[in-house]
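A.B. asks: turn this into a structure:
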Amino acid sequence: MLDTYRTFGCENGEPTFRYSLLDGVQDGFLINPTVVDARTEITTELLSADGFVVSFTDDVGEDRQEVFKQREFEKRFFADATNQLLCKTFLENALRDPISGEIGKSIIFAVSQHHAAKLTQILNQMADRMFPGKYQSDFAVQVTSQIPEAQQFTINFANNNLLGSANFLPDYKTSKARVCVTVGMMTTGYDCQDILNLGLCRPIFSPTDFIQIKVAAPAPTTFSNSFSTRI
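C.D. replies: Numbering: from 1, shown residues only. As a prediction, the model looks like this:
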């Protein structure tokens with residue numbers, strides 16, 4: 001099997017043409033993200049070489065320890081307080097829509113579909129307290145493969161009519177739903193021109209995946225903030 005470089009006659013490893021993210025920023029087509037690094041004691045220890053150590057007494061009364069690593073967050077190790085803190089930090093730091101003043105349109109990437117459902121629930125609960133009567137639990141929407149019409153949700157979000165239009169300003173067309181919580185959707189090839197915030201509430205191990213999330217979701221001039229958790 002030939003690799004891409006050999007297929008297109010670039011055996012020296014140099015592509016025929018390269019236009020990087022940095023080039024796009026320098027030419028004024030893209031904007032570098034502003035990163036908010038939100039971490040808890042648990043996520044910090046999960047990042048460490050030793051991992052997060054949990055001490056407990058088993059059913060027969062013996063003291064035991066279990067170690068969790070970064071890949072086990074929200075898979076074998078669950079921390080509701082951590083999810084609450086991440087959502088709270090996101091809402092406090094997210095860029096606001098420059099016209100309506102509400103939370104700017106955002107995409108949050110979760111570890112799993114179950115994790116996405118939990119984050120969606122927490123965000124809706126917090127938004128109902130922050131903006132009474134504005135969203136009726138339509139602030140955040142889970143957009144994953146198990147949700148019916150999830151693909152249509154991504155289209156509606158880009159077209160500013162996901163769950164209806166916002167009710168902050170009656171003459172301003174923007175999506176009522178402000179946050180899409182996803183896992184693997186809305187990355188490569190997704191174009192939503194007014195995204196203001198990206199939330200990485202999952203570990204990203206692949207540099208390629210990280211770049212795709214950064215450059216595929218926002219369109220030119222819209223990548224103005226990135227909420228990031230290092231887990």
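
A.B. asks: what helices and strands are in contact with the one helix or strand Thr43 maps to?
C.D. replies: Per DSSP states H and E, Thr43 falls inside helix 41-47. With contacts defined as 3 or more C-beta pairs under 8 Å, 6 or more residues apart in numbering; DSSP states H and E, the packing partners of helix 41-47 are strand 52-57. Where you see a C-beta, it was placed from the backbone N, CA and C, and this is true even at glycine.

A.B. asks: for the strand it packs on, buried residues please.
C.D. replies: Within strand 52-57, the residues that qualify as buried are Phe52, counting by 16 or more other C-beta atoms under 10 Å.

A.B. asks: which residues touch that strand?
C.D. replies: Ile42, Glu45, Leu46, Asp63, Arg64, Gln65, Glu66, Val67, Phe68, Lys69, Phe77 (C-beta atoms under 8 Å, 6 or more residues apart in numbering).

A.B. asks: please apply the same query to stretch 87-106.
C.D. replies: So stretch 87-106 is contacted by 36, 38, 108, 119, 122-123, 126-127, 130-131, 134, 139, 157, 166, 168-169, 172, 174-175, 178-180, 192, 194-199, 224-225, 227 (C-beta under 8 Å, 6+ apart).

A.B. asks: only the buried subset of these, as a PyMOL command please.
C.D. replies: Here is the PyMOL command that selects only those of the contacts of stretch 87-106 that count as buried (16+ other C-beta under 10 Å):
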select buried, resi 36+38+108+119+122+123+126+127+134+139+157+166+174+175+178+179+180+192+194+195+196+197+198+199+224+225+227
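
A.B. asks: from the contacts of stretch 87-106, which land in helices?
C.D. replies: If you go by DSSP state H, the contacts of stretch 87-106 have Leu119, Ile122, Leu123, Met126, Ala127, Met130, Phe157 in helices.

A.B. asks: ok now do the last one, which residues does it touch?
C.D. replies: Contacts of Phe157 were listed using C-beta under 8 Å, 6+ apart, and they are Lys105, Val141, Val143, Ser175, Ala177, Cys180, Cys192.

A.B. asks: you'd agree the fourth one is up against Thr154?
C.D. replies: No - checked against C-beta atoms under 8 Å, the pair Ser175 and Thr154 is beyond contact range at 11.3 Å.

A.B. asks: low-confidence ranges in this structure?
C.D. replies: 1-2, 56, 74-76, 215-231 (pLDDT under 70).

A.B. asks: next one: the residue nearest the centre of the chain relative to Asp3, how far apart?
C.D. replies: Closest residue to the average C-alpha location of the chain: Ile108 at 2.4 Å, with C-alpha atoms, centre = their mean. Distance, Ile108 to Asp3, using C-beta to C-beta, to the nearest Å: 34 Å.

A.B. asks: and Val141, by the same measure?
C.D. replies: 39 Å.

A.B. asks: neighbour count: these two, which is higher?
C.D. replies: Set side by side, Val141 and Asp3 show more neighbours around Val141, with 25 against 10, by other C-beta atoms under 10 Å.
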